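A.B. asks: I would like to see how this sequence folds:
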Amino acid sequence: MKTEFVSSNVNMLDGMLSVTVCIKRESSGGYAPRLGVIFTFGDKTRRMPLNREYENAEGQEILRYSNRFILSEIFFRCKAGDTTLDIIPENGERLDIIPEKAVTGDGIELRDGSFLIPKRLMNKKTPRSFSELITKDNIARLVFSVFNIYYKLYRRFHPTLENRITFMSGRRTSIDGNMRFVYDELKKDKMLDVKTLLFIQSSGRQLLKNTFAFMKLYATSRAVIVDDFFRLLSYFDKPEGTRVFQLWHACGAFKTFGYSRLGKVGAPSQRSANHRTYDYAFVSSREVARHYAEGFGISDSSVISTGVSRCDVFFDEDYKAGVKARFYEKYPILKDKKVLLFAPTFRGNGQQSAYYPTDKLNLDELCSGIGEEWAVIIKLHPFCKERFRISEELKKRVIDLSDEDELNDLLFITDLLVTDYSSAVFEASLLNIPMLFYAFDLEEYIKTRDFYYSFDALAPGKLVRSEEELISSIKQENFEKNKIKEFEKRFFDYNDSRSAERTAEFILNVIRG
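C.D. replies: Numbers count the residues shown, from 1 in each chain. The predicted structure follows:
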């Protein structure tokens, strides 16, 4: 679909930078590409999203992209000099700006297609509004300021230990997922002091215990490794010699997250420290690096493609065979069945509000429609509390494993993955598993959550909108499997069992200088 630049406006408004871009396309409807901006100061970069609106005029569609940014918060805890701003479409290339159709103000210049923002504007403090001050995050910071007194005293008398590496998580009590594989690699080096701090989000006495343990380990660790959002990192200053590494738990980049959702419900504040303390983040391919840089609020150069450690098992035939043997020993009634794995993502703004609308899938109708040869495994997102009701009659064909078993392990016995917007599609592509995308609420999901790419074009399988279409596609084996290989090549730079090894090696090179 042909698009054309219409206008841009970059100006200061109420102490904040306001950016608006309009582009025009010949026909309306369908997916509208994402547009963002990238700030560059020295070797630091910061990507930010522009949110889109649609306007129809005389058979053409005008796409209006806009957002507002607190300039002094762009580069985390860093005073910036003169900074360039470029407008970047989702393909990563710079948008060509027509000078006579670009408006600037308050000392901002358009120079060689980039907007130049002077140092005095970048570091001008913007006062906080009352609503910004009275937030859960700020109240928590006030509470943790008491802990910070102890933390600063502890740091004064306990220096960083050059050989100490600590794995931290507030979502698990044992080392697994990406952590397990990198942990095993690092433990091979007997010179390292490898520690763990693992707990499930706590309160009361446990919160005190975990916070004190965190402060002591954060103050003395040369490296801290996490694989998800870890809130305590936001409340305490990072020691000068400490480096924080984010393994992240998902492959690829599908639905937007973190600061990529700026301006939408549930997005972090521009003033938040969430995610921005990472020195490095590891991803599956260079293709998705820019999206993780935007989502985490870190520089492009801080996102490293080493592969995703927990995917190493996909290239281990002994591991695969062991998983299958254990599974069928536990569930012998499924051994002669074809397995449909239903693994959708959650709806809602996050862990507290997460749910899946279970009324959108009638298990009786599904099982009746696809035939006795199929068994169904349900694997809801860990955030979801509700469960499907499974009748006694169906319990020989339908099992709910939402509360047990590793999703990746279930893929080894899966003949068909039915999902919607879950990142499980990336792992499934490594095993060349056929996929169906049951996306009954696609348009609403795009409005509230959005994707980094056109969902229709990217999904490595057939898109279905109703339960009837889902059943029909399964019966006809119409999965559009030909899309999988290209998808896999795009989102995985490495197809081997050495991602954990590469990741561990990178971490050691950084901390040993």
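A.B. asks: For residue 243, grab phi and psi.
C.D. replies: Phi and psi for residue 243, reported as degrees, to the nearest 10, are phi -120, psi 140.
A.B. asks: heads up, I number from 237, so please use that
C.D. replies: With the count now opening at 237, the last piece we talked about shows up as residue 479.
A.B. asks: So it sits against residue 517, correct?
C.D. replies: No - with contact defined as C-beta atoms under 8 Å, residue 479 does not count as touching residue 517 (11.8 Å). No exception for glycine: its C-beta is placed from N, CA and C like everyone else's.
A.B. asks: okay, the two: which has more neighbours?
C.D. replies: residue 517 (21 against 18; other C-beta atoms under 10 Å).
A.B. asks: That one falls within a strand, correct?
C.D. replies: Yes - counting by DSSP: H, G, I helix; E, B strand; the rest coil, residue 517 falls inside a strand.
A.B. asks: For it, give me its contacts.
C.D. replies: 481, 482, 484, 528, 529, 532, 534, 538, 539, 540 (C-beta atoms under 8 Å, 6 or more residues apart in numbering).
A.B. asks: any idea how far residue 661 is from the second one?
C.D. replies: When distances are taken as C-beta to C-beta, to the nearest Å, residue 482 and residue 661 turn out to be 21 Å apart.
A.B. asks: ok so, going back, could you identify the most distant pair in the contacts of residue 517?
C.D. replies: 481 and 529 (14.9 Å; C-beta to C-beta).
A.B. asks: I'd like to know which of the contacts of residue 517 is nearest to residue 652.
C.D. replies: residue 484 (26.9 Å).
A.B. asks: Return the subset of the contacts of residue 517 lying in strands.
C.D. replies: 481, 482, 539, 540 (DSSP state E).
A.B. asks: wait, doesn't the third one sit right on residue 529?
C.D. replies: Which is residue 539. Yes - using C-beta under 8 Å, residue 539 makes contact with residue 529 at a distance of 5.0 Å.
A.B. asks: any chance of the contacts of residue 517 in TSV, with neighbour count, distance to residue 591 and pLDDT too?
C.D. replies: Below are the contacts of residue 517 laid out as TSV (neighbours: other C-beta atoms under 10 Å; distance: C-beta to C-beta, whole Å; pLDDT from 0 to 100):
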residue	neighbour count	distance to residue 591	pLDDT
481	23	32	98
482	27	27	98
484	22	23	93
528	30	26	97
529	23	30	98
532	24	26	97
534	25	31	98
538	17	34	98
539	23	31	98
540	18	35	98
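A.B. asks: which one among these gets closest to residue 573?
C.D. replies: Closest to residue 573, out of all of the contacts of residue 517 and judged by C-beta to C-beta, is residue 484, at 33.8 Å.
A.B. asks: before we move on, the earlier item: now flag whichever of the contacts of residue 517 is closest to residue 584.
C.D. replies: Using C-beta to C-beta, residue 484 is the member of the contacts of residue 517 that lies nearest residue 584, at 20.4 Å.
A.B. asks: Hmm, that closest one is touching residue 516, no?
C.D. replies: No - contact criterion C-beta under 8 Å: residue 484 and residue 516 do not qualify, at 11.0 Å.
A.B. asks: Buried residues in stretch 642-656, which are they?
C.D. replies: Neighbour counts using 16 or more other C-beta atoms under 10 Å place 643-650, 652-656 of stretch 642-656 among the buried residues.
A.B. asks: average pLDDT across it?
C.D. replies: In this model, stretch 642-656 has a mean pLDDT of 94.
A.B. asks: Kindly check the end-to-end length of that stretch for me.
C.D. replies: 19 Å (C-alpha to C-alpha, to the nearest Å).
A.B. asks: Heading C-terminal from the helix or strand bottoming out on mean pLDDT in the chain, find the next helix or strand.
C.D. replies: Lowest on mean pLDDT, DSSP states H and E among the helices and strands of the chain sits helix 366-369, with a mean of 66. Under the assignment DSSP states H and E, the closest C-terminal helix or strand after helix 366-369 is helix 372-393.
A.B. asks: Provide the contact partners of that next one at residue level.
C.D. replies: 368, 447-448, 451-452, 454-455, 470-473, 475, 505, 508.
A.B. asks: what do you get if the cut-off is 10 Å, keeping everything else the same?
C.D. replies: Helix 372-393 has contacts (C-beta atoms under 10 Å, 6 or more residues apart in numbering) with 364, 368-369, 371, 444, 447-448, 450-452, 454-456, 467-468, 470-473, 475-476, 504-505, 507-510.
A.B. asks: so how far is it from its chain's centroid?
C.D. replies: 28 Å (C-alpha atoms, centre = their mean, to the nearest Å).
A.B. asks: in it, what's buried?
C.D. replies: 373, 380, 383, 387, 391.
A.B. asks: what's the answer for stretch 410-427, then?
C.D. replies: Under 16+ other C-beta under 10 Å, the buried positions of stretch 410-427 are 411, 413, 414, 415, 416, 417, 418, 419, 421, 422.
A.B. asks: Which of those sits closest to residue 522?
C.D. replies: residue 414 (18.5 Å).
A.B. asks: and that closest one, helix, strand or coil?
C.D. replies: For residue 414, the assignment made with three-state DSSP gives helix.
A.B. asks: Identify the residues contacting it.
C.D. replies: Contacts of residue 414 by C-beta under 10 Å, 6+ apart are 461-464, 482-487, 518, 544-548, 735-736, 739.
A.B. asks: Just these: which are in strands?
C.D. replies: Reading strands off the contacts of residue 414 with DSSP E, I get 461, 462, 482, 518.
A.B. asks: Hmm, the third one is touching residue 415, no?
C.D. replies: No - under the contact definition of C-beta atoms under 10 Å, residue 482 does not touch residue 415, with a separation of 11.3 Å.
A.B. asks: so what's in contact with those two at the same time?
C.D. replies: 461, 462, 463, 464.
A.B. asks: Redo the residues you listed as JSON lines? Include neighbour count and pLDDT.
C.D. replies: Shown next, in JSON lines, are the shared contacts of residue 482 and residue 415 (neighbours: other C-beta atoms under 10 Å; pLDDT from 0 to 100):
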{"residue": "461", "neighbour count": "27", "pLDDT": "98"}
{"residue": "462", "neighbour count": "27", "pLDDT": "97"}
{"residue": "463", "neighbour count": "26", "pLDDT": "94"}
{"residue": "464", "neighbour count": "17", "pLDDT": "92"}
